[in-house]
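Asker: Turn this into a model:
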Amino acid sequence: MATTAVSLLKNTLVEDLNGIPEQGSLQQRHRSVFLITALSAYAFLVHGYHPFSEDGGLYLAGIKRVLAPGMYPHEAGFVLGHLRFSLFAPALAFAVRVSGLNLEVVLLLVHWMSIWITLWAAWMLAERCFQGKARVAAVALLATWLTLPVAGTSLMLMDPYVTARSISTPCTLLALVFALDLFQRWQREYVLDRWTVAKLGIVFALAATMHPLMAAYGFGCVLALGVATTRWRRSWIAGAAALCAAAVIVAAILRLAAQPESSDYRQVAMSRYYWFLSRWQWYEWLGLLGPMAILTFTAFPRKNRDTEAATILARMSLTVATAAVLVALLFAWPNATNLLVARLQPLRIFQIVYVVMILIVGAQLSVWLGNRRTRWAATFLVLASIMFLAERETFPSSAHIEMPDSQQKNAWVQAFEWIRNNTPKDALFALDADYITKPGEDAQSFRAIAERSALPDYSKDGGEAAITPSLTAAWRAGQTLQSKLSDRSDHDRIASLQPAGVSWVVLARGAVTALPCRYTNAAVKVCPLPAGAMQTGSSGLLQAKR
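Answerer: Sure, this is the predicted structure:
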């Protein structure tokens, strides 16, 4: 798969290492579109597609709830929590209704479009910074590293599934393109182009309706870009310092205005270790400091290039990176009075920092690659193979590309599909609290696939509870009820789960049980709990099995 992808890259990129015609040419526009389309296919093949996994499953369950309001009658807060401030799920549901297409087909199209627009926006940025093969290498490297983790933030540049970030990320990059044009023209001519301002407002409005938090960080990047566009280095340094100070002041105000959280909520928040720099491993710190060091070389060029676009973008990135690290160090502490600043995850702004850093590194890579096709092919073959193998390590039991209506080879997914087709729609399920991290599960979302209600899990639902404190009690109760569920006795399971309304359980394949399991495969068994009172049901069941 990786070899095929790199062959595609070679055929479309390496054939013309001397560059592309100058900006404005119609021929260049056509070739650029073809190039980005080829790179999008290359990225799709290298990074794979897993629509039901990780955060993709959370968002997918939300879309299904909008399409069918009666779905997930129990524990609905963990389905609806992330929909409070976003129009993402209603927008996708609207697209399904208008198009008449299957939801999974719509998700695939949105995923493909999000890759294409992200790479197109990156191409437009690179077009303003680099020439010829440097521009090609910059965007090709971004396509190759599209699922690169962003330091220790539990965030990737772009997910191999559809989330609200799939739309907010390309919108933010387009905003940087328009803002760069706007500010540079102002510096040259003192003219404020109204059409560019309108485009900037449109993409920001779209980003904000999809993912308000990431849009806010994108707005911070635009402010830093405006400061970085100044012709004088000292003015930029003073402006950057002012922006960093403003970020610290805003964070201090938020912390003072917020109410202290309960001890129960703090336990939920502590499960998100990546919120707190004090809990990071040393190698995760390299993910922050490394890009900042690389950007410093471009932000402070040896020659007088203060007005070049690459220098401006590097200075913008260095400014927002410094501000985010300062805020995280000063206010995102486990023992802070309240955890509002930590909950806002200021280090997420490094997603944009990484994009700029990769474009700069890719442009420099072209200098080493030169015009030698073998170097280009070998380099991208190695880089693509590393990313491909990393994806296979992350999703070892699932197909690399999970197409709509394709035959699923993941045993957990097979069980979830059986549940969707063979159990009551109002059933409430219990699984091991940490089921999503079990070997072979591949972080596939039970709710998104089975379309049934479930008690909250530790990982993904813990993330929902961490950003929505009102879900704390339900999340803690779910952990207590499902802790080591597969290792407990039937009597214990029934005694704890029946009063909570649970009617079915999903147990590990090796779990000892006398329950009449209706479905079993290599990974799990799916069993109904006995109807009626716990004492009668459990004792009667066990007597019958004996």
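Asker: where along the stretch 201-350 of the chain do the strands fall?
Answerer: Read by DSSP state E, counting those that start in this stretch, the stretch 201-350 of the chain holds no strands at all.
Asker: any idea where the helices of it begin and end?
Answerer: 212-228, 233-257, 263-270, 282-299, 309-331, 340-343, 350-369 (DSSP state H, counting those that start in this stretch).
Asker: domains for this protein, by residue range?
Answerer: 2-394, 411-442+452-545 (automatic domain parsing).
Asker: So what does His30 have for phi and psi?
Answerer: Main-chain dihedrals, His30, degrees, to the nearest 10: phi -60, psi -40.
Asker: how close does it sit to Ser262?
Answerer: 59 Å (CB to CB, to the nearest Å). Every C-beta, even on glycine, is put in place using the N, C-alpha and C of the backbone.
Asker: likewise Phe395?
Answerer: 36 Å.
Asker: Minimum distance to Gln414: which of the helices of the stretch 201-350 of the chain has it?
Answerer: Closest to Gln414 of these, according to CB to CB: helix 263-270, at 31.7 Å.
Asker: Can you list the buried residues in the closest one?
Answerer: 265-266, 268-269 (16 or more other CB atoms under 10 Å).
Asker: Tell me the one of those nearest Val139?
Answerer: For the buried residues of helix 263-270, the nearest to Val139 is Ala269 (38.0 Å; CB to CB).
Asker: Might one say that Leu428 is in contact with Arg447?
Answerer: No. Applying CB atoms under 8 Å as the test, Leu428 and Arg447 come out as separate, 11.4 Å apart.
Asker: Need the overlap of contacts for the two.
Answerer: Counting by CB atoms under 8 Å, 6 or more residues apart in numbering, the residues touching both Leu428 and Arg447 are 453-454.
Asker: quick one: contacts for the residue sitting nearest the centre point of the chain?
Answerer: In the chain, the residue lying closest to the centroid (CA atoms, centre = their mean) is Asp159, at 4.7 Å. Taking CB under 8 Å, 6+ apart, we find Asp159 in contact with 54-56, 147, 165-166.
Asker: for the stretch 401-546 of the chain, what spans make up the helices?
Answerer: Going by DSSP H, counting those that start in this stretch, the stretch 401-546 of the chain shows helices at 411-422, 446-450, 460-467, 472-482, 490-497, 534-545.
Asker: what's the most buried one of those helices?
Answerer: Across these, averaging neighbours per residue (mean count of other CB atoms under 10 Å) puts helix 446-450 on top, at a mean of 25.
Asker: and it, what other elements does it pack with?
Answerer: Under the contact definition 3 or more CB pairs under 8 Å, 6 or more residues apart in numbering; DSSP states H and E, helix 446-450 sits against helix 54-67, helix 411-422, strand 428-431, strand 453-454.
Asker: Output it as CSV, nothing but the C-alphas.
Answerer: Output of helix 446-450 as CSV, limited to C-alpha atoms (Å, rounded to 0.1, in the frame of the first residue of the first chain):
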residue,chain,number,x,y,z
PHE,A,446,-19.5,0.8,20.4
ARG,A,447,-22.2,3.4,20.2
ALA,A,448,-21.4,4.5,16.7
ILE,A,449,-21.4,0.9,15.3
ALA,A,450,-24.0,-0.9,17.5
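Asker: thinking in terms of the whole chain, how far from its middle is that helix?
Answerer: 19 Å (CA atoms, centre = their mean, to the nearest Å).
Asker: Which residues does that helix contact?
Answerer: By CB under 8 Å, 6+ apart, helix 446-450 touches 52, 56-58, 60-61, 64, 72, 78-79, 413, 416-417, 419-420, 423, 429, 431, 435, 452-454, 457, 506.
Asker: So for Phe395 and Ser262, which sits in the more crowded spot?
Answerer: Between Phe395 and Ser262, counted using other CB atoms under 10 Å, the more crowded position is Phe395 (21 against 12).
Asker: what's the distance between the more buried one and Trp412?
Answerer: 12 Å.
Asker: cool, Thr379 as well?
Answerer: From Thr379 to Trp412 the distance is 37 Å (CB to CB).
Asker: Spit out the residues that contact Phe395 and Trp412 alike.
Answerer: What both Phe395 and Trp412 touch, as defined by CB under 8 Å, 6+ apart, is the set Asp442.
Asker: And the contacts of Asp159, which is closest to Ala310?
Answerer: Checking those one by one against Ala310 (CB to CB), the nearest turns out to be Thr147, at 24.3 Å.
Asker: Sticking with the closest one, tell me its helix or strand.
Answerer: Thr147 belongs to no helix or strand when assigned by DSSP states H and E.
Asker: Brilliant, that's me finished.
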